[in-house]
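>>> Pasted the sequence and its predicted model underneath.
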Amino acid sequence: MSSPAAAARAPINPSKVPMFVRHPLFRPLAALAILLLIDLLMVPGFFHLEIKDGHLYGSLIDIANRAAPLVLAALGMTLVIATRGIDISVGATVAISGTVAAMLIGGTMVMQDGVPEYVANTPMVWALCAAMGAALLCGAWNGLLVAGLGLQPIVATLILMVAGRGLAQLLTDGQIVTVYYKPFFFIGSGYLFGLPFSIYIVAAVFVVTALLMRKTALGLFIQSVGINPVAARLAGLKTAVLIFFVYVFCGACAGVAGLMITSNIKSADANNAGLLLELDAILAVTLGGTSLAGGKFSLAGSVIGALIIQTLTYTIYSLGLPPEVNMVVKSVVVFLVCVSQSAEFKNMWRRAFPARAKGDAS
Amino acid sequence: MSARSPYFTSLVTVALLAVLLGAGGFAYPGFLSEQVLFNLLIDNAFLLVIAVGMSFVIISGGIDLSVGSVLALTTMISAWLLQTWHWPPLAVIVVALALGAGFGAAMGALIHYFKLQPFIVTLAGMFLARGLCYLISINSITIEDPMFVAVSQAQLPLFGGFISPGALIALITLAVAVYVAHCTPFGRAIYAVGGNEQSALMMGLRVGRTKVLIYAFSGFCAALGGVLFSFYMLSGYGLHAQGTELDAIAAVVIGGTLLSGGYGYVAGALSGVLVLGAIQTLIAFDGTLSSWWTKIVIGGLLFVFCVVQRLMAIGAAKKAAI
C-alpha cells in the first residue's frame, strides 16, 4: 500500500520542498497519509500483514481489495469529468452488468432443486462478454445522448440512472439472483500469487488507460475538449467521437466493477448493487485533484481518491464509530475540497496572506 | 419561437395527463372517480411541494439534488423533537422549516460566492442531510403527537370527495409560487439569472441575493415537503424518500421547464407530478405490472421530453440563424 506512495514521491528532490508541496498529487497523498497515520495510532495491528494458506492477509490488502470496484468506477469517471461531463448512471450500469452475468451463469433453477449444481447455464466467457456488452451499450447510450444530441451530461445520464435499475429488475423479475458457479467467484474473491485477483484487474485497467493517455495523443485530446470544446472542435478534433468514447469507457469500467461486485457477493441484487457508487466515484475523482470544470485530469489522483474513501470507511468502522458518520464526514470533505479548489477561495487566501502567496507564485 | 416552446411542452404534458387518465378510465371501471383523482394529489402532495422548489432552481439554471435528503432530515428532526423532547408541534414545524431554508441558503451561498457547481454542492448537501438523519437515529421514529395524528387523519370535503390538509397546503404553495414567479421582481430576476447570469448582473440585478434566496426557497420547500411527509407517514426515518430528488427533477422536466434554465412554468410542476402519479396509479390498478415498470416508464418519459426539448432548441437556433 505504501509502496505506490513512496514510488510517486521518490523522483522528487527533497531539497526542493516547495516543488514537492506543489505537486498535484501532494494533497491527496497527504490526506491518505494522515488517514493511515490515524489508523497506525488508533487501530492496533493495522499495518500487520501475514501469510495464511499462501494468501496475504491484512487490513491494507483488505482495503485495496474492497476499493477495487470504486477505483474502476473512478477511472472511468475521471475521463468523463475531464471532458466537462458527468456520469451519474454508474450504479445502474453496475446493476445491469452484474445482473446479466449472474443470470447467464446462474442459476435460479438450481435453487429450486435444492441440489447445488455447479454447471454454468451459459459458458462463463460468453456470460462475461454479454455482461460487458450490456455495460458498453449503457455507455454508448449515454454517449449518444451527450455527444449526438447535445443533452447536458447530468440530464442524459439521469435517464439511465432512473430507468437502469428498473431494467435490471425487469430482467430478474425483482428477485435477487444467486450464482453457484465457482470459477465465477474468482473475479471478486480469488487470489493470484498471494494477492486478491481484483487488484490485478484494477492494475491492468489502470496501466492500459494510463498508457493510452500518456503514450498516445488521446489524453491531450480529452484534456483539450474539457478546457474548451469549441476551440478543440475548430482545431480539427472530432469532439463528438471523443466524448462518445469516454462515456463508453466509463460504461465499460462500471461493467467490470459490476462483475467484481456480483462475483464478490455471489449474487446480483438489481436494487442495491452499486447503490450510490456514482457519488463515491465522483468524490474520488474530486479528491484526486481533478477539477469538475473539466480539462486537466489525473488518473493516479483518482486511484488515490478511491483509496482515501475506502480507508476512511475502514477507519470509521474500526474506530467503532457508527458507520453513518461516514456520510457526514464524506460530505464535509467534499465541501472543503471544492471550496479550497475554487478560484475565489484562492483569491481570498492571497489577500489574507499576501507574503506567502508571493513566495508560492515565484 | 423559443418563448413558445416551454408553453408547447406544457400543453403536451396536460394532453398526456388527459390521455393517461382517459386510458385508465377506459380500462378500469372506477378509475375516473373523483376520489382516485384526489388521491393522486394526496399521495403526491410532498412531491408537488418539492417540485415547486425545484422549478425555481431549474429555471435559474441550477439543480438541487439535496431535496430528498432534506425531506428525510425534516421528518427525522420533527419526529425526534416531538417524541424525545416533547416540543409543541407548531414550534417543531417552524424550526423544521427554518432549518430547511437555512440549509438551502448555505448551499446557495457556497454556489454563488465560491462559484461552485450547483450539482456538486447539492450532492454534498444530500450526503450531509442523510448522514445527519442517521446521527439522530438509525431506526424509524413513530410520531404519536395528537396534532400530527389529527392532521394526518383529517379529510376536507371537496366536490363529493375529500382531500387531505397536506394536499391543500401543497396547492397553496403552488399558487404562491406561481404568483411569485410571474408577478414579482424576484420572480423576474429568477428568469433573468437563468437566461443569462452575466446579462442579469450587468442589468444591475442582485444575482447573489437571488441565487441564495432560490436555494433557500428550495430548501424551505423540501422541509415543507418533509412536514407533509411526516403527516402522511407519521414517522421520521433516514430512509424516507430516497430518490425523490430524481422524481422531482423528472416532474419539472415533464412539466415543460427547460433544464438549461430561463424558460418554464412553475405550474408545470403540477402537471408533471400528476403525470408521474397517474403512471404509478395505473400500474397499481393493473396489478400484473410490477413496480419497476414505474421506473422504466418514468425514464422513458424523461428521455422523450429531453429529446423533444433539445430538438426544439436546435430548431429555434436554426430559425434564429436564418
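All right, it came through fine.

>>> gap between stretch B:307-318 and the chain center?
Centroid separation between stretch B:307-318 and its chain, computed with C-alpha atoms, centre = their mean, to the nearest Å, is 26 Å.

>>> correction: stretch B:148-168
Mean-position distance between stretch B:148-168 and its chain equals 20 Å (C-alpha atoms, centre = their mean).

>>> Just the residues contacting that stretch, thanks.
By C-beta atoms under 8 Å, 6 or more residues apart in numbering or on different chains, the surrounding residues in contact with stretch B:148-168 are B:33-35, B:37-38, B:41-42, B:45-46, B:82, B:89, B:143, B:228, B:230-232, B:234. C-beta: built from backbone N, CA, C; applies to glycine.

>>> What count of nearby residues applies to A:Gly251?
29 (other C-beta atoms under 10 Å in any protein chain shown).

>>> Give me the three-state assignment for it.
helix (DSSP: H, G, I helix; E, B strand; the rest coil).

>>> Sort out which of the contacts of stretch B:148-168 are in strands and list them.
Using DSSP state E, no member of those falls in strands.

>>> Ramachandran coordinates for B:Gly160?
phi 80, psi -10 (degrees, to the nearest 10).

>>> Next: A:Leu192.
The phi/psi pair for A:Leu192 (degrees, to the nearest 10) is phi -130, psi 130.

>>> Identify the residues contacting it.
By C-beta under 8 Å, 6+ apart, the contact set of A:Leu192 is A:Tyr200.

>>> From A:Ser198, how far out is it?
Per C-beta to C-beta, to the nearest Å, A:Leu192 is found 10 Å from A:Ser198.

>>> A:Asp87 too?
For A:Asp87 relative to A:Ser198 (C-beta to C-beta), the value is 22 Å.

>>> Tell me where the model's unsure across the stretch 51-200 of chain B.
Low-confidence segments of the stretch 51-200 of chain B, defined by pLDDT under 70, are absent.

>>> Can you pull the residues of it lying near chain A?
Residues of the stretch 51-200 of chain B lying close to chain A (C-beta under 8 Å from any C-beta of the partner chain) are B:63, B:110, B:113-117, B:119-121, B:123-128, B:130-132, B:134-135, B:138.

>>> could you redo the last one with a cut-off of 10 Å?
Neighbours of chain A within the stretch 51-200 of chain B, by C-beta under 10 Å from any C-beta of the partner chain: B:63, B:65-66, B:69, B:106-107, B:110, B:112-121, B:123-138.

>>> Just the buried subset of the residues you listed, written out for ChimeraX, thanks.
Only the buried entries of those go into this ChimeraX selection, using 16 or more other C-beta atoms under 10 Å in any protein chain shown:
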select /B:63,65,66,69,106,107,110,112,113,114,116,117,118,119,120,121,123,124,125,126,127,128,129,130,131,132,133,134,136,137
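
>>> Where does pLDDT dip in the stretch 201-322 of chain B?
Residue ranges of the stretch 201-322 of chain B with pLDDT under 70: B:322.

>>> In terms of helices and strands, where is the residue in it that chain A sits nearest to?
Proximity of the stretch 201-322 of chain B to chain A (C-beta to the nearest C-beta) peaks at B:Gly299, 2.4 Å away. Assigned by DSSP states H and E, B:Gly299 belongs to helix B:292-321.

>>> Sketch out the strands for chain A, chain order is fine.
Under DSSP E, chain A gives strands at A:49-52, A:55-58, A:177-178, A:191-192, A:195-196, A:267-268.

>>> can I get the ones you listed in TSV with mean pLDDT?
Formatted as TSV, the strands of chain A follow (pLDDT from 0 to 100):
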stretch	mean pLDDT
strand A:49-52	75
strand A:55-58	75
strand A:177-178	79
strand A:191-192	78
strand A:195-196	80
strand A:267-268	78
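
>>> Out of these, indicate the one that is most buried.
Across those, the average number of neighbours (mean count of other C-beta atoms under 10 Å in any protein chain shown) peaks for strand A:267-268, which reaches a mean of 25.

>>> near chain B at all, that one?
No. Using C-beta under 10 Å from any C-beta, strand A:267-268 never reaches chain B; the gap is at least 14.4 Å.

>>> mind checking pLDDT for the closest residue to A:Phe46 other than its chain neighbours?
Of all residues not flanking A:Phe46 in the chain, A:Asp39 sits nearest, at 4.4 Å (C-beta to C-beta, 6 or more residues apart in numbering or on different chains). At A:Asp39, the pLDDT value in this model is 79.

>>> surely A:Asp39 meets A:Gln310?
No. A:Asp39 lies out of contact with A:Gln310 (C-beta atoms under 10 Å); the separation is 11.9 Å.

>>> Mind listing the shared neighbours of these two?
Taking C-beta atoms under 10 Å, 6 or more residues apart in numbering or on different chains as the contact rule, A:Asp39 and A:Gln310 both touch A:Ile63.

>>> Between these two, which is the more surrounded one?
Taking neighbours as other C-beta under 10 Å, A:Asp39 and A:Gln310 compare with A:Gln310 leading, 23 against 20.
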